[in-house]
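Trainee: Sequence and predicted model, in that order:
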Amino acid sequence: MSQQDIITQSDFTNFLASGAFLRDAQDVVILWGPFENINSGKNHDISISCPFFYETEKISFLKPSRIWRGPKMDWARQCLRFLEESGEIAPTFSWQEPARADFEQAFARIQNMIAQGQIDKAVPVVFARARQAVTPIMKLRWLLEVLAAPDNLHAHGWWDGEQGLLGATPEILFDVQGRALRTMALAGTLAKADGRAEDLARSQKDQYEHRLVVKDIRNELQNIGQVRVGTTEIVDLPTLWHLKTSIEAELHDEPDIEDLIRRLHPTAALGVFPRLFGWRWMRELPGQEGRARYGAPVTWRLGGGRVLSLVGIRHLQWRGDQLLLGSGCGIVKDSDIDAEWTELIRKRQSVLKILGIAT
């Protein structure tokens, strides 16, 4: 379809049953299922990969049956028209918050490993849960909300049958075209409700945590290219501040995308530093049941040799009538458990705000 095409009610029905979307600058890329599994290889068709966080040994891509690409506002107008015709009232949600006792156990284990010199940092995650069947119109409401999110958030979603995810992440794993690669270190957080940007800039704990992520990414990329690290800045999001450092690399060879995902995922922003100790042991931490795609690489082949891999955070996941809302925090030697717990709450609140979800 071209961007001038009118999307019919049948088109929307099929898209909301099985589909994917990405807001890329002022355009959107819309994919329709059913999807066909294809190997990553050297395939340059528009496609998407959505593995589980702990299951990235073998990457496969999903090739859509139909594609639309055009201006964000054109798509939003058609979505709004379909939404107004539905008449469905937005539901409210009752969330079961994560157990603080589980987080305290995870925090203590990580601090013990740090004290023993095994690691310098790890990132536990917690999940709020709700029971609510996700209707097609609910997906459409959330999609319209994230389309209006600030440009420094990457609005995206994927669903197929009774499972899916939808949100707006501030973090990319990489954006590569040919041998030119862009990525970022995004670590160090302060909620606007809890302080000012200047407070984050002065925080020795957050600066240290951030430097570990920069070092981790640079270590991985310098094996395959010439790396340039930018200056650290503060990212302004609707309810949060983040420390961010842009990183670029000129790769020695055109990359194998599957290898690049495995090489970078997860960075120390979502995993463990140093990597020598491994990171899959984190699945043993309490409260991790059903983590699925939280923090996983959501990777888009966009045609023309460009591949954009997003870090799957700040989203809502669902499977059947189970909804999962995750948040994570970086634990280092100087972390304060109360401050980290508050950060986890603030991050989940930011997702609900961006999705326009009433609680």
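Mentor: Thanks, I have the structure now. Numbers count the residues shown, from 1 in each chain.

Trainee: For this structure, give me the ranges with low pLDDT.
Mentor: 1-6, 40-44, 358-359 (pLDDT under 70).

Trainee: which residue ranges form the helices in it?
Mentor: 9-17, 72-86, 100-115, 136-147, 197-202, 204-221, 257-264, 337-355 (DSSP state H).

Trainee: So for residue 156, which of those helices sits nearest?
Mentor: Among the helices of the chain, the nearest to residue 156 by C-beta to C-beta is helix 136-147 (7.9 Å). Heads up, the C-betas are built off the backbone N, CA and C, glycines and all.

Trainee: can you pull the contacts of residue 204?
Mentor: The neighbourhood of residue 204, defined by C-beta atoms under 8 Å, 6 or more residues apart in numbering, consists of residue 334.

Trainee: meant to ask about residue 210
Mentor: 185, 187, 188, 232, 243, 245.

Trainee: and the residue nearest to residue 250 when sequence neighbours are not counted, how many residues sit next to it?
Mentor: Sequence neighbours aside, residue 226 is the residue nearest to residue 250 in space, at 4.7 Å (criterion: C-beta to C-beta, 6 or more residues apart in numbering). Neighbour count of residue 226, defined by other C-beta atoms under 10 Å: 12.

Trainee: I figured residue 235 hits residue 241, correct?
Mentor: Yes - at 6.9 Å, residue 235 and residue 241 qualify as touching, with contact defined as C-beta atoms under 8 Å.

Trainee: If you count surrounding residues, which of the two has more?
Mentor: Ranked by neighbour count (other C-beta under 10 Å), residue 235 and residue 241 place residue 241 first, with 23 against 20.

Trainee: What's opposite that one in the beta bridge?
Mentor: residue 190, residue 236 (DSSP bridges).

Trainee: check contacts around it.
Mentor: Residue 241 neighbours (C-beta under 8 Å, 6+ apart): 189, 190, 191, 192, 195, 197, 200, 234, 235.

Trainee: Next one: it from residue 355, what distance?
Mentor: 20 Å (C-beta to C-beta, to the nearest Å).

Trainee: What of residue 220?
Mentor: In terms of C-beta to C-beta, residue 220 sits 32 Å off from residue 355.

Trainee: ok, now which ones touch residue 262?
Mentor: Residue 262 neighbours (C-beta under 8 Å, 6+ apart): 56, 57, 59.

Trainee: Quick check: end-to-end length of stretch 215-235?
Mentor: Distance between the two ends of stretch 215-235: 19 Å, counting by C-alpha to C-alpha, to the nearest Å.
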